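>>> take this sequence and fold it.
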Amino acid sequence: MPPHVTVTDELEILGAHGGAKPPAGSGGGGGDDSRSSGSSGAFPQRIYVTGITIAMGAIFMFFMALVSAFIVRKGLGGDWFPFTMPRILWLDTAILLASSGTLIHARRLFKRGDRQGFRHWWAVTTLLGLLFLIGQLVAWRQMVAAGFYLASNASNSFFYVLTAAHGLHLLGGIAALLFVGWGRLRKMTLATGTEIVSYYWHFLDGLWVFLFLLLLLGR
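Residues are numbered from 1 along each chain as shown. You can find the predicted model right below:
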């Protein structure tokens, strides 16, 4: 066999091996790096919106079951006695409506890039939520002072159950405000956090107005 044939064969073999294994530093290992860097920020944020939508639907169905029980129980007989609504609930309603306004303003400042203003009005919203819960406790004390106890009448029982259920869900909303405003978010972005909390808060606001009118007109 001629020598040049042997050299050619050897070059082809070396070329084949060189193509199968790129030299170090040429980016052959970059596939794993690019995949990991791409997946770090690729968590779908819309999954949180879907989650809060499902949660609000479940909460709505829960309260509609309570409202249905309220209406049915009231129409059963003559042992349903009205009670006097505590006046502080009017102030409480105004506080909660105001908190929706401050939350809208906080999100508007966030979208403008004013983080300091956002934190301020986000904190105001949280404070108003706490004031609402304090007002609920005062209303319960006024009910007890007037002789309207939990077990004294069915109408009283529904007042305590409906307001307590709403208060517990609002307490969860306050916890969400604190977490999004000052907690350490991981996969969720701050923009997504403010969005889903605002959905939940406005939902609870509208739910309270409905429950307040129900208790006021249907007691």
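>>> give me the pLDDT for Gln45.
Note on Gln45: pLDDT of 84.
>>> what's the longest helix in this structure?
Counting residues, the longest helix found in the chain (DSSP state H) is helix 115-145.
>>> lowest-confidence helix or strand of the protein?
Across the helices and strands of the chain, mean pLDDT, DSSP states H and E gives its lowest value to helix 30-40, namely a mean of 33.
>>> could you give the mean pLDDT of the longest helix of the chain?
In the prediction, helix 115-145 has an average pLDDT of 96.
>>> ditto for stretch 185-205
In this model, stretch 185-205 carries a mean pLDDT of 93.
>>> could the C-alpha coordinates of it be exported in CSV?
Extracted in CSV, the C-alpha atoms of stretch 185-205 (Å, rounded to 0.1, in the frame of the first residue of the first chain):
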residue,chain,number,x,y,z
LEU,A,185,-40.5,36.0,46.9
ARG,A,186,-38.8,33.1,45.1
LYS,A,187,-40.5,31.8,42.0
MET,A,188,-43.3,34.5,42.1
THR,A,189,-42.4,37.9,40.8
LEU,A,190,-43.4,41.1,42.7
ALA,A,191,-45.6,42.1,39.8
THR,A,192,-47.5,38.8,40.0
GLY,A,193,-47.8,39.0,43.7
THR,A,194,-49.4,42.4,43.7
GLU,A,195,-51.7,41.3,41.0
ILE,A,196,-53.1,38.2,42.7
VAL,A,197,-53.3,39.9,46.1
SER,A,198,-55.3,42.8,44.5
TYR,A,199,-57.7,40.3,42.9
TYR,A,200,-58.3,38.6,46.3
TRP,A,201,-58.6,41.8,48.2
HIS,A,202,-61.2,43.4,45.9
PHE,A,203,-63.1,40.1,45.9
LEU,A,204,-63.3,40.1,49.7
ASP,A,205,-64.3,43.8,49.6
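>>> which other residues reach that stretch?
Contact partners of stretch 185-205, identified using Cβ atoms under 8 Å, 6 or more residues apart in numbering, comprise 43, 45, 48-49, 51-53, 55-56, 59-60, 96-97, 99-100, 103-104, 106-107, 110, 122, 125, 129, 166, 169-170, 173, 176-177, 179-180. For glycine as for every other residue, the C-beta is placed from the backbone atoms N, C-alpha and C.
>>> strands of this protein, residue ranges please.
Counting by DSSP state E, one finds no strands in the chain.
>>> count of neighbours near Lys111?
Using other Cβ atoms under 10 Å, Lys111 has 11 other residues around it.
>>> for it, give its distance to Leu190.
Distance of Lys111 to Leu190, computed by Cβ to Cβ, to the nearest Å: 11 Å.
>>> and Arg46, by the same measure?
In terms of Cβ to Cβ, Arg46 sits 16 Å off from Leu190.
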